[in-house]
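*Asks:* model the structure of this input:
(one chain, ligands or ions: 1)
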Amino acid sequence: MSRRRQIYEGKAKILYEGPEPGTLIQYFKDDATAFNAQKRGVISGKGVLNNRISEHLFTLLGGIGIPHHFIRRLNMREQLVRQVEIIPLEVVVRNVAAGSLSKRLGIEEGTPLPRTILEYYLKDDTLGDPMVTEEHIACFGWCSQEELADIQDLSIRINDFLTGLFAGIGIKLVDFKLEFGRLWEDDWSRVILADEISPDGCRLWDMRSGERLDKDRFRRDLGGEVEAYQEVARRLGLLPEGQETAIFDIDEARKARESR
Ligand code: TMP
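*Replies:* Got it, this is the predicted structure:
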């Protein structure tokens, strides 16, 4: 028996060498961080939920022609993915003002944006993922103009699809973060969606109550993180029978769980 080779460990995931060349295993941890890892915690069961939610969303996105790295889920915490060269940008798509946008520009959280905003952050933890512009991207060559055009086109298509999907289950897709990679075939590469899409990197608000169903529960010490992620999974139809109870009040759900 040989131990499999770890390729990379991030804050919420580990990448291992895959069974065939050009593949990787993406392992979802329960670790949670915020504010560039100044705040750390463990959300028990988060990795399992994110693995399942991300599998579901990538599969649906594949169905509308979005190229992505997901191949198949292997078990509760792992999925097989295509190995890509990660483009060092975090792409944030915003539909409603919240988080850092509200803070920086003084726009009240919850204000609908008259048009969707795309923002770019350089993936560099030592610098705290600074926001960059298209000028910086071109100047420093983090990706080519053609790749950026593809990233923008894919991000908008993903946003249109996910906004509708979540609206259909009573959830407002406020904002979310995407990562892309280059898939190499001989001397050519194309841009595909990579990483994950889960409540860790999205803001998901219940349309009726405004309840936060995402990692802001952890960032803002609201509690009820797992219940919120479960609620997202449940509404997406991913939880087995018996775990189908609607939870609109996350605090109530947490108290109920603690008293069991
Ligand atoms: P922000 O308002 O803090 O800039 O976050 C915008 C969105 O991007 C939000 O849905 C959370 C997500 N995000 C990440 O996934 N990783 C990060 O490191 C940051 C800062 C935000």
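*Asks:* strands paired with the longest strand along the chain, and their directions?
*Replies:* For the chain, the longest strand by residue count, based on DSSP state E, is strand 171-185. Using DSSP bridges, the strands paired with strand 171-185 are strand 85-86 (antiparallel), strand 89-96 (antiparallel), strand 188-194 (antiparallel), strand 202-206 (antiparallel).
*Asks:* can you pull the buried residues of it?
*Replies:* In terms of neighbour count (16 or more other Cβ atoms under 10 Å), strand 171-185 has its buried residues at 171-183. In short, each C-beta sits where N, CA and C put it, glycine included.
*Asks:* what does stretch 28-44 give?
*Replies:* Residues of stretch 28-44 classed as buried: 28, 29, 30, 31, 32, 33, 34, 43 (neighbour count, 16+ other Cβ under 10 Å).
*Asks:* restricted to strands, list the residues you listed.
*Replies:* Checked against DSSP E, those include these in strands: 28, 31, 32, 33, 34.
*Asks:* neighbours of the residue of the chain found nearest the ligand, just the number please.
*Replies:* Nearest residue of the chain to the ligand: residue 99, at 2.2 Å (Cβ to the nearest ligand atom). Using other Cβ atoms under 10 Å, the number of residues around residue 99 comes to 15.
*Asks:* cool, residue 53 as well?
*Replies:* The burial count assigned to residue 53 is 22, neighbours taken as other Cβ under 10 Å.
*Asks:* how about the nearest residue to it, chain neighbours excluded?
*Replies:* Distances taken as Cβ to Cβ, 6 or more residues apart in numbering place residue 198 nearest to residue 53, at 4.9 Å, with adjacent residues excluded.
*Asks:* and what of residue 142?
*Replies:* That would be residue 88: by Cβ to Cβ, 6+ apart, it lies 5.4 Å from residue 142.
*Asks:* any chance of the backbone angles for the one you found?
*Replies:* Backbone torsions for residue 88, taken as degrees, to the nearest 10, come to phi -80, psi 50.
*Asks:* against residue 191, how distant is it?
*Replies:* 13 Å (Cβ to Cβ, to the nearest Å).
*Asks:* looking at these two, which one has more neighbours?
*Replies:* Taking neighbours as other Cβ under 10 Å, residue 88 and residue 191 compare with residue 191 leading, 22 against 16.
*Asks:* return the residues of the stretch 101-250 of the chain in contact with the ligand.
*Replies:* Contacts of the stretch 101-250 of the chain with the ligand, taken as Cβ under 6 Å from any ligand atom, map to 101, 129, 175, 176, 177, 201, 202, 203.
*Asks:* from these, which is closest to residue 159?
*Replies:* Among these, residue 176 lies closest to residue 159 (Cβ to Cβ), at 7.8 Å.
*Asks:* which stretches of the chain form helices?
*Replies:* All helices of the chain, identified by DSSP state H, fall at 46-63, 99-105, 134-140, 145-167, 216-219, 225-235, 250-259.
*Asks:* would you reformat those helices as TSV and include mean pLDDT and distance to residue 208?
*Replies:* Formatted as TSV, the helices of the chain follow (pLDDT from 0 to 100; distance: least, Cβ to Cβ, whole Å):
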stretch	mean pLDDT	distance to residue 208
helix 46-63	98	21
helix 99-105	98	21
helix 134-140	98	38
helix 145-167	98	12
helix 216-219	98	17
helix 225-235	98	12
helix 250-259	59	13
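*Asks:* which one of these is the most hemmed in?
*Replies:* helix 225-235 (a mean of 23; mean count of other Cβ atoms under 10 Å).
*Asks:* and that helix, how far out from the chain's middle?
*Replies:* Computed by Cα atoms, centre = their mean, to the nearest Å, the chain-centroid distance of helix 225-235 equals 14 Å.
*Asks:* and for stretch 93-101?
*Replies:* A distance of 15 Å separates the centroid of the chain from that of stretch 93-101, by Cα atoms, centre = their mean.
*Asks:* alpha carbons only: can I get that stretch in PDB?
*Replies:* Output of stretch 93-101 as PDB, limited to C-alpha atoms (Å, rounded to 0.1, in the frame of the first residue of the first chain):
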ATOM      1  CA  VAL A  93     -20.400  38.000  -9.400                       C
ATOM      2  CA  ARG A  94     -22.700  40.400  -7.600                       C
ATOM      3  CA  ASN A  95     -26.500  40.800  -8.000                       C
ATOM      4  CA  VAL A  96     -27.300  42.500  -4.700                       C
ATOM      5  CA  ALA A  97     -25.100  44.800  -2.500                       C
ATOM      6  CA  ALA A  98     -23.600  42.900   0.400                       C
ATOM      7  CA  GLY A  99     -20.300  42.200   2.200                       C
ATOM      8  CA  SER A 100     -17.200  44.000   1.100                       C
ATOM      9  CA  LEU A 101     -19.100  45.900  -1.600                       C
END
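*Asks:* having no further points to raise, I will conclude here.
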